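> missing the sequence, but the structure's below:
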């Protein structure tokens with residue numbers, strides 16, 4: 001089968017198309033013919049060796065990146081009971097391990113999958129994996145968002161952010177979203193109640209008594225976000241290089257400071273995502289679709305740091 005192998009860490013020129021062996025499935029796994037792959041910032045960071053995960057993955061040969069897929073089951077392991085051949089499924093596979101999604105076929109634990117709703121395409125389903133799971137787990141597990149809460153969501157037009165706005169709105173929270181002015185209408189259409197242009201407005205100067213912050217930017221933005229939270233509020237941050245001093249200052253204000261280090265795969269949460277897609281609660285926005293032989297272009301788009309919604313590669 002065709003796969004994209006990372007021959008060495010570095011630039012996109014190291015993503016090389018090769019013929020590799022078909023994956024062999026374990027008893028609890030299924031074999032999936034991949035129809036679409038979602039590309040995330042973590043893919044780019046691992047490729048360029050900017051993520052700690054890269055060191056763990058370096059031992060694999062061949063090293064095949066990617067975790068987010070949608071496709072059709074073509075083989076079922078002897079111990080797998082949840083799906084059958086012909087089922088269309090989607091999921092985040094083996095994160096934070098060796099996902100091997102950049103390939104025509106992928107072996108996946110059945111507990112990392114959900115049935116793809118009929119009303120969404122493979123492109124839309126692939127887009128609704130790591131980023132959607134992150135947003136859901138932030139509000140459902142790492143910090144319980146309540147219907148009466150005021151929530152501040154940073155980078156609300158991005159992959160995680162655009163799902164987070166929709167989920168928070170569905171829960172019933174009052175949503176304040178930051179993005180550039182050019183993405184204002186997009187963010188408001190997602191369901192945000194208020195928009196702040198981070199280029200022209202210092203949010204920490206105009207906000208206070210926020211119950212919950214989803215901090216996706218990192219650096220000084222974390223400390224500014226702590227300033228706007230009410231006592232005993234919640235801040236969840238994606239991996240962003242926060243320091244022990246940051247954590248101490250958050251605790252000093254009696255905040256419930258959660259440092260969200262990694263989204264994880266599980267079928268219960270995937271079924272929640274599938275249900276929200278089926279009912280229209282979640283609508284993924286895919287701003288760029290590339291073909292399988294354009295993976296380098298997909299990575300370069302993510303590297304711009306200004307992608308609305310999601311980037312997907314289709315096969």
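Perfect, thanks for sending it. What you are looking at is a predicted structure, and each value in this text was computed from that prediction instead of being measured. Numbers count the residues shown, from 1 in each chain.

> switch to C-alpha atoms for all contacts and neighbour counts from now on
Fine.

> leaving out chain neighbours, which residue sits closest to residue 310?
residue 286 (4.6 Å; Cα to Cα, 6 or more residues apart in numbering).

> got the contact list for that neighbour?
For residue 286, the contact set (Cα atoms under 8 Å, 6 or more residues apart in numbering) comprises 124, 127, 308-312.

> cool, and residue 163?
With Cα under 8 Å, 6+ apart, residue 163 has these contacts: 131-132, 135, 282-284.

> ok, now how distant is residue 223 from residue 244?
Distance, residue 223 to residue 244, by Cα to Cα, to the nearest Å: 12 Å.

> neighbour count winner among these two?
The neighbour comparison of residue 223 against residue 244 (other Cα atoms under 10 Å) goes to residue 223, with 18 against 9.

> what about the closest residue to that one other than its chain neighbours, distance to residue 141?
In space, and not counting its chain neighbours, residue 223 is closest to residue 246: 6.6 Å by Cα to Cα, 6+ apart. Applying Cα to Cα, the value for residue 246 to residue 141 is 22 Å.

> the more surrounded of the two?
Between residue 246 and residue 141, residue 246 has the larger neighbour count (other Cα under 10 Å), namely 17 against 9.

> could you report the pLDDT at that one?
At residue 246, the model reports a pLDDT of 72.

> and it, what helix or strand is that in?
Taking DSSP states H and E as the criterion, residue 246 maps to helix 244-252.

> one more: residue 288?
Judged by DSSP H and E, residue 288 forms part of strand 286-291.

> repeat that for residue 236.
Residue-wise, residue 236 maps onto strand 229-237 under DSSP H and E.

> ok, that strand: who's next to it in the sheet?
strand 210-215 (parallel), strand 256-259 (parallel) (DSSP bridges).

> who touches residue 285 in this structure?
Residue 285 neighbours (Cα under 8 Å, 6+ apart): 124, 162, 308-310.

> got the angle between the helix holding residue 246 and strand 229-237?
140 degrees (axes from the mean of the first three to the mean of the last three Cα atoms, to 10 degrees).

> flag every buried residue along helix 244-252.
Residues 246-247, 250 are the ones in helix 244-252 that count as buried (16 or more other Cα atoms under 10 Å).

> now the buried members of the contacts of residue 286.
Of the contacts of residue 286, these count as buried by 16+ other Cα under 10 Å: 124, 127, 308-312.
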